[in-house]
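J.: Coordinates only, no sequence provided:
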């Protein structure tokens, strides 16, 4: 039997796993909800939830991957007790990875397109309304968007085709290193702008009044949701990297390093956005509007704004591509684990498949804009995102928790033995009661709240 490929270094594993977790949600969602729910007070709550349930589930994914030496396509088959049905999660997890890429490739394409727009000086001299119309015009051009979506698919699978060490590890390490350098440069530029102090104060000083204004319950749920979804846990997109590492280090410490990197990027994104918006009197918008309308307007007003804007969209492209490459690697491992395909064959088949499956998302903004799954203004992308974020991630996480903790699954003793192989931080055994009886309830609450948030009358 052919031996499984391994990472060339521990740093490679940490950076690639962090790259999978570091996505666009860190950049446009985290700063927005942090400001909305009281700045630093919200950040503290978010960090608490990251610690108490984001981290344990990440450790569980890594443990299942490392013990089975397989992707999620086969990991449950290897570890489950005879006659049990845990392996059925493999199918929903695989669907989740494909669905995630069916809309993420489009957004990744937007980032790359905006880098070239910024670099070419397209926004120079534009009024705010004109900057806004650039994004709307892009959404109305299916062929233009499809081109950039195909570029992100080609780049992602191109990197994966070069192999785990020579492609995925080498290029992701370089990208993540550049990402951090660019972020530091942008942070320094942003916080040294005249008038940036108000934005810093808004972002870094706890405002419990704002928290009360939004409602303590809403704030708690928002912090829980962000901590949960930021790590992309539940569909095996991290488990694959567990299968590529040896047993020299305990998994708890590795998960802490990855969560820290993920959080640092989210916090730094806020340090770029809030001071800059404050310096130029621009309000921070939510979602795509923040990145594609608000920030180009801010860069337009900055000295050498074209340079800073280009750097920002390089950073955004790297953040998006790091996730694309990581999830593509997982998708490629499905074909290799299930049917013994070569890497090249799996890359070719999935490259074509993902490119075709991503087309409905692109068309949902124009040709198929009459399809509004959640009412006026919603798109095919919203539906795909809802299925993954509000269904497959929480329910998949619940499966991992029950599989690792209960005697009906892989079981606590096997889980602990795997997690604590090697040197480093031990997994706290005292958490067993919490993980068995409380964490599953929290996940169910997040799942139910996701539906209430989506469908309750506003």
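T.: Everything's here; your move. Remember, predicted model here, so these are calculated numbers, not experimental data.

J.: going forward, measure contacts and count neighbours with C-alpha atoms only.
T.: Noted.

J.: Next secondary structure after the longest helix along the chain?
T.: In terms of residue count, the longest helix belonging to the chain (DSSP state H) is helix 305-339. Next helix or strand after helix 305-339 toward the C-terminus (DSSP states H and E): helix 343-357.

J.: what residues does stretch 55-71 touch?
T.: 4, 72, 74-76, 78-79, 231, 233-234, 236, 238-246, 251-252, 255-256, 259, 330, 333-334, 337, 397, 400-401, 404, 415, 418-419 (Cα atoms under 8 Å, 6 or more residues apart in numbering).

J.: what's the offset of that stretch from the middle of its chain?
T.: 18 Å (Cα atoms, centre = their mean, to the nearest Å).

J.: coming back round to it: which among the contacts of stretch 55-71 count as buried?
T.: 72, 74-76, 79, 231, 233-234, 236, 238-246, 251-252, 255-256, 259, 330, 333-334, 337, 397, 400-401, 404, 415, 418-419 (16 or more other Cα atoms under 10 Å).

J.: Next, check these against the strands and list the overlap.
T.: Within the buried ones among the contacts of stretch 55-71, no residue falls in strands by DSSP state E.

J.: Spell out for me which residue occupies the centre of this protein.
T.: residue 23 (3.7 Å; Cα atoms, centre = their mean).

J.: Quick check, pLDDT for it.
T.: Note on residue 23: pLDDT of 79.

J.: Could you do residue 285 as well?
T.: For residue 285, the model assigns a pLDDT of 65.

J.: so what's residue 17 up against?
T.: Counting by Cα under 8 Å, 6+ apart, residue 17 makes contact with 238, 241, 258, 326.

J.: no no, residue 33
T.: residue 222.

J.: Can you tell me the element it falls in?
T.: Per DSSP H and E: helix 30-36 holds residue 33.

J.: Next SSE downstream of that helix?
T.: Next helix or strand after helix 30-36 toward the C-terminus (DSSP H and E): helix 40-49.

J.: so what secondary structure elements neighbour that following helix?
T.: Taking 3 or more Cα pairs under 8 Å, 6 or more residues apart in numbering; DSSP states H and E as contact, the helices and strands that helix 40-49 lies on are helix 30-36, helix 208-214, helix 216-229.

J.: From the rest of the structure, what touches that helix?
T.: Helix 40-49 has contacts (Cα under 8 Å, 6+ apart) with 34, 203-208, 211, 219-220, 223-224, 226-228.

J.: with the contacts of residue 17 in mind, which one is nearest to residue 30?
T.: Taking Cα to Cα as the measure, residue 30 lies nearest residue 258 of the contacts of residue 17, at 17.1 Å.

J.: neighbours around the closest one, how many?
T.: When neighbours are defined as other Cα atoms under 10 Å, residue 258 has 24 of them.

J.: Give me the pLDDT value at it.
T.: Looking at residue 258, its pLDDT is 93.

J.: That one and residue 234, how far apart?
T.: 16 Å (Cα to Cα, to the nearest Å).

J.: thinking again about what came up before, out of the contacts of residue 17, which comes closest to residue 151?
T.: Comparing those against residue 151 with Cα to Cα places residue 326 closest, at 16.3 Å.

J.: Surely that closest one touches residue 16?
T.: Yes: using Cα atoms under 8 Å, residue 326 is in contact with residue 16, at 6.8 Å.

J.: which neighbours do the two share?
T.: With Cα under 8 Å, 6+ apart as the test, residue 326 and residue 16 both reach residue 168.

J.: picking up where we left off before, now the helix holding residue 33, how far from the centre of its chain.
T.: 16 Å.

J.: mean confidence score for it?
T.: 79.

J.: circling back to that earlier point, filter the contacts of helix 40-49 down to the buried ones, PyMOL style.
T.: Applied in PyMOL, the following selects the buried portion of these according to 16+ other Cα under 10 Å:
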select buried, resi 34+203+204+206+207+208+211+219+220+223+224+226+227+228
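
J.: of the contacts of helix 40-49, closest to residue 146?
T.: residue 226 (29.6 Å).

J.: That closest one reaches residue 27, doesn't it?
T.: No: taking Cα under 8 Å as the definition, residue 226 is not a contact partner of residue 27, at 11.9 Å.

J.: what residues are up against the nearest residue to residue 24 once chain neighbours are set aside?
T.: Spatially, and ignoring its direct neighbours in sequence, residue 24 is nearest to residue 320 (6.1 Å; Cα to Cα, 6 or more residues apart in numbering). Contact partners of residue 320, counting by Cα under 8 Å, 6+ apart, are 23, 24, 104, 107, 108, 111.
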